[in-house]
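> sharing a model prediction with you, sequence too.
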2 protein chains.
Amino acid sequence: MLAAALELVDDEGLESLSMRRLGSKLGKDPMALYRYATNREALLDGVTGLVLGELIIPPVADWQEQLRRTAHDFRNLALRHPHVVPLLVIRPLSTPLGLRPPGALRPLEQVMALLTKAGFDSAGALHVYRAYYGFLLGHVLNELEEFVVDPDEDESVLRHGLYHLPQSDFPHVRELAPLLVGYDGKTELDQGLDILLAGLNSSLGNPAG
Amino acid sequence: MLAAALELVDDEGLESLSMRRLGSKLGKDPMALYRYATNREALLDGVTGLVLGELIIPPVADWQEQLRRTAHDFRNLALRHPHVVPLLVIRPLSTPLGLRPPGALRPLEQVMALLTKAGFDSAGALHVYRAYYGFLLGHVLNELEEFVVDPDEDESVLRHGLYHLPQSDFPHVRELAPLLVGYDGKTELDQGLDILLAGLNSSLGNPAG
DNA sequence: ACGGGTGCTCTACCCTGTAGACACTACGGT
DNA sequence: ACCGTAGTGTCTACAGGGTAGAGCACCCGT
């Protein structure tokens, strides 16, 4: 059922995941869904869990390399499921850490394990995780902002919009138009990781590898 | 009207900003609101614009200092209006850059101006902006996740929840409970900025100050 | 006096989540 | 064969949402 829900979201967007629509997609009465999810919210949590389950943390010796690959994996996941990204961001804001569904906590657990194994204590690991995940989330959101366009508008329309901003008020933003066309999220992510990991290396002493 | 809407969101949460509720708060018919906002979505955009308008970018010579102070200002703004943060994150995902309301673009414009004045060209400035805003957004989201709790549960309940995770599956996450109590977002933000700005300094050559 | 805006209200339509009662199937015990 | 029980699916109904469309009342320039 969650698979169908995810499919619906991927295809039609988040708003169209309603109990009624999902029910009809499954050929069941909407109320039948309540046998499997207590709530629409629980259903959303299920979908995020499903998506986060796609994330794989590679078994590599070097923790920085693990973080780097995981970051790219996360980015790909976000590009694969752009409509789910809002869920990844918003749901945690309305659910205290301890009450989140296991699927949503697994990445955190895995990264903490990874960092602990690399020699960090809890505080240090939490520190690194925060900086890392914060950066990652920020990057993905930034990248998606350029991408997600209404189906009936294409990139030229986007720039059209940009060019029509009042030039007096937004001279710098208007200049961005040509730059956004050639945006390469992958290398930008890599460069960001360079900065972050270098910073982490110097600010915390790199513990035993 | 936007002020009333913001007040409603601050007090009662995002979900409770409905045309009907806002109308009744203003003592007007819900349909009257459509004179001032074409849409509920436009209304939401208005609220984000209002909140972003609170952001002040200080007139200081050193651009890194400007970014640092702006970051703290943004953090304070987020703590002041936690229920609005989802809007700041989500709305841009469904609106191409060029079509966003001016209020939502002003911070971008100002930061680009700041960086341009510091000597960056467009590409460099965009680069810095992305890393900066991404990090900032990530930090704020991370920090808010620990804060927002249902009104009827307090921090002890949060930890209660954490301790009740299956220990076999989440050994590391469970250890976080004591750490989260002493979390200090302000200094954590500062440390993150240290890392980021140091990284930026070394990766791009610091242009003419 | 009068046409035209401007602000507002009423009604109505369709979409949503979900509570409550009910039915149908399968199955194990007697 | 009979019953209870659990699991599953369905129907109906309600309270809320966004918003289209028609129609008020007022005010203002002519």
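Everything's here; your move. Computed from a predicted model, the values in this text were never measured in an experiment. Residues are numbered from 1 along each chain as shown, chains lettered A, B, ... in the order given.
> what angle do the helix ranked longest in chain A and helix B:122-147 make?
In chain A, assigned by DSSP state H, the helix with the most residues is helix A:122-147. With axes from the mean of the first three to the mean of the last three CA atoms, to 10 degrees as the basis, helix A:122-147 and helix B:122-147 are set at 130 degrees to each other.
> list the helices and strands helix A:122-147 packs on?
helix A:63-80, helix A:85-90, helix A:102-117, helix A:185-203, helix B:122-147, helix B:171-181, helix B:185-203 (3 or more CB pairs under 8 Å, 6 or more residues apart in numbering or on different chains; DSSP states H and E). The way it works is simple: take the backbone N, C-alpha and C, and place the C-beta from them, glycine included.
> helix, strand, or coil at the residue of chain A most remote from its centre?
The centre of chain A is farthest from one residue, A:Ser168, which by CA atoms, centre = their mean lies 35.2 Å away. Applying DSSP: H, G, I helix; E, B strand; the rest coil to A:Ser168 yields a three-state assignment of coil.
> distance of it from DNA strand D?
30 Å (CB to the nearest atom of the strand, to the nearest Å).
> pLDDT score assigned to that residue?
At A:Ser168, the predicted lDDT confidence score is 77.
> distance check, it against B:Glu12.
38 Å (CB to CB, to the nearest Å).
> pull up the residues of chain A that are close to DNA strand C.
Counting by CB under 7 Å from any atom of the strand, the residues of chain A lying close to DNA strand C are A:16-21, A:30-31, A:34, A:39-41.
> same thing but at 6 Å, please
When proximity is defined as CB under 6 Å from any atom of the strand, chain A approaches DNA strand C at A:18-21, A:30-31, A:39-40.
> any idea how far B:Asp194 is from A:Ala123?
In this structure, A:Ala123 and B:Asp194 are 17 Å apart, going by CB to CB.
> typed the wrong thing, it's A:Asp62
A:Asp62 sits 24 Å away from B:Asp194, taking CB to CB as the criterion.
> which of the two has more neighbours?
The residue with more neighbours, out of A:Asp62 and B:Asp194 and counting by other CB atoms under 10 Å in any protein chain shown, is B:Asp194; that gives 14 against 11.
> need the pLDDT of the more buried one.
90.
> with A:Asp10 instead?
pLDDT, A:Asp10: 97.
> wait, isn't it in contact with A:Leu79?
No: judged on CB atoms under 8 Å, A:Asp10 makes no contact with A:Leu79 at a distance of 11.5 Å.
> closest one to DNA strand D among the helices and strands packed on helix A:122-147?
For DNA strand D, the closest of these is helix A:85-90, at 17.3 Å, according to CB to the nearest atom of the strand.
> give me the contact status of the closest one with chain B.
Yes: against chain B, helix A:85-90 shows contacts by CB under 8 Å from any CB of the partner chain at A:85-86, A:89-90.
> drop anything exposed from those.
A:85-86, A:89-90 (16 or more other CB atoms under 10 Å in any protein chain shown).
> what's the closest of those residues to B:Glu175?
A:Val89 (24.9 Å; CB to CB).
> distance of A:Ala37 from A:Glu7?
16 Å.
> where does chain A have low pLDDT?
Low-confidence segments of chain A, defined by pLDDT under 70: A:146-165, A:203-209.
> near DNA strand D, which residues of it?
Residues of chain A lying near DNA strand D by CB under 6 Å from any atom of the strand: A:28-29, A:31-32, A:35.
> go through stretch A:40-54 and flag the buried ones.
Within stretch A:40-54, the residues scored as buried using 16+ other CB under 10 Å are A:43-52.
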